[in-house]
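what follows is a predicted protein model with its sequence.
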Amino acid sequence: MQFVQDVSASMTGEKMEASKNGLKKICQKLAQGDEVGLIQFCSSVDTVSYIDNLEVSKIGIGIRINENTNLIQLQLTGLTALYDAIVAGLVSLEERAEDSDKKEYQNILFVATDGEENASTTTIAEVTELIKDLPNNLEIPNLRIMLAIAGSMELNNDLVKVCQSAECENYCEVIHVADSSEGIKLAFERVEENVQLLKSSQHLLADKVVKFDMHFGRTEVSAEVFVRESGVRKSVKTTWHGRCD
């Protein structure tokens, strides 16, 4: 799992504390064999902890040493190089995938921001091309992108449109929350739920599994249908009417 955290000047006080606590809680739910990395971004992009096994990464060590402390000292400064940070996160996942033989791993990119892109050398056109054709651009198996935006969606409207496009809907999710510490806390809770759901699935992102739980009545058959698609579990209910002889 690659965390990409906004540390620009607007992420002050309680919002940054909520981000640190959210990172920590997600890591505490991961298993020993899981891997995590942390990138922070403001005017520039900085890798705080490269993707590695939770037991040996800076993040994991920080949790084990003292569970009452925050993970890492994220430094607040500058503008918002959001596009550069997204590219850095994706490249980091690809490099780790190339070095690993664990092709069954779910690769998750979680990007958290409360501000508008205003500092990247990467353009929105380049980000659009990269994300919309990820299978041909980067070799990252079982990829899931989660973009959490605290505040106005209009500030990053072009990026939101890309993530919500038909080409990306199977592996991108936009999480919109209030621009506050409570909003950021909610975003991390949503990501934590999604991570647990992905971890519980034994199927690759391309798989579609339909499970029927049949209930028989005198004149009808109802079924609860669960479809796992792109690592997300969805449910629908359908009823067939017929005669019972």
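Arrived safely, thanks for sending. Numbers count the residues shown, from 1 in each chain.

surely residue 118 is within a strand?
No. Using DSSP: H, G, I helix; E, B strand; the rest coil, the assignment for residue 118 is coil, not a strand.

pull up the gap between it and residue 158, please.
As for residue 118, its distance to residue 158 is 13 Å (criterion: CB to CB, to the nearest Å). (Each C-beta comes from the backbone N, C-alpha and C, glycine too.)

now residue 96
28 Å.

for the record, mean pLDDT for stretch 190-210?
What stretch 190-210 shows for mean pLDDT is 67.

same check on stretch 160-180?
According to the model, stretch 160-180 has a mean pLDDT of 96.

list the contacts of that stretch.
Outside stretch 160-180, the residues within contact range by CB atoms under 8 Å, 6 or more residues apart in numbering are 14-15, 114, 124, 127-128, 131-134, 143-153, 183-184, 186-187, 190-191, 194, 205, 229-230.

mind checking which of those are buried?
15, 114, 124, 127-128, 131-132, 134, 143-151, 183-184, 186-187, 190-191, 194, 205, 230 (16 or more other CB atoms under 10 Å).

ok, back up a step: who has more neighbours, residue 96 and residue 158?
Between residue 96 and residue 158, counted using other CB atoms under 10 Å, residue 96 has the larger neighbour count: 19 against 12.

the nearest residue to the more buried one once chain neighbours are set aside: what's it in contact with?
In this structure, residue 96 finds its nearest non-sequential neighbour in residue 51, 4.3 Å apart by CB to CB, 6 or more residues apart in numbering. Contacts were defined as CB under 8 Å, 6+ apart; by that measure residue 51 touches 2, 35, 36, 37, 57, 92, 93, 96.

and which of those is nearest to residue 139?
Distances from residue 139 to the contacts of residue 51, taken as CB to CB, are shortest for residue 93 (9.7 Å).

can you list contacts of the strand or helix carrying that closest one?
Using DSSP states H and E, residue 93 sits within helix 82-99. Residues outside helix 82-99 that contact it (CB under 8 Å, 6+ apart) are 2, 4, 6, 35, 37, 39, 41, 44-45, 47, 50-51, 103, 105, 107, 109, 111, 113, 115-117, 119-124, 126-127, 130-131, 134, 138-141, 143, 156, 159.

6 Å instead?
Contact with helix 82-99 is made by 2, 4, 37, 39, 41, 45, 51, 107, 109, 111, 113, 117, 120, 122, 127, 138-140, as judged by CB atoms under 6 Å, 6 or more residues apart in numbering.

does residue 173 count as helix, strand or coil?
strand.

which residues does it bridge with?
residue 146 (DSSP bridges).

against residue 52, how distant is it?
Between residue 173 and residue 52 the computed distance is 25 Å (CB to CB).

and the two? which has more neighbours close in?
residue 173 (19 against 15).

got the angle between the host helix or strand of residue 50 and helix 82-99?
Using DSSP H and E, residue 50 sits in strand 45-53. Counting by axes from the mean of the first three to the mean of the last three CA atoms, to 10 degrees, strand 45-53 lies at 30 degrees to helix 82-99.

can you give me the helices in this protein?
Applying DSSP state H to the chain gives helices spanning 14-29, 58-65, 82-99, 124-132, 134-137, 157-163, 181-200.

now those as CSV including distance to residue 169?
Shown next, in CSV, are the helices of the chain (distance: least, CB to CB, whole Å):
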stretch, distance to residue 169
helix 14-29, 23
helix 58-65, 30
helix 82-99, 17
helix 124-132, 11
helix 134-137, 12
helix 157-163, 8
helix 181-200, 15
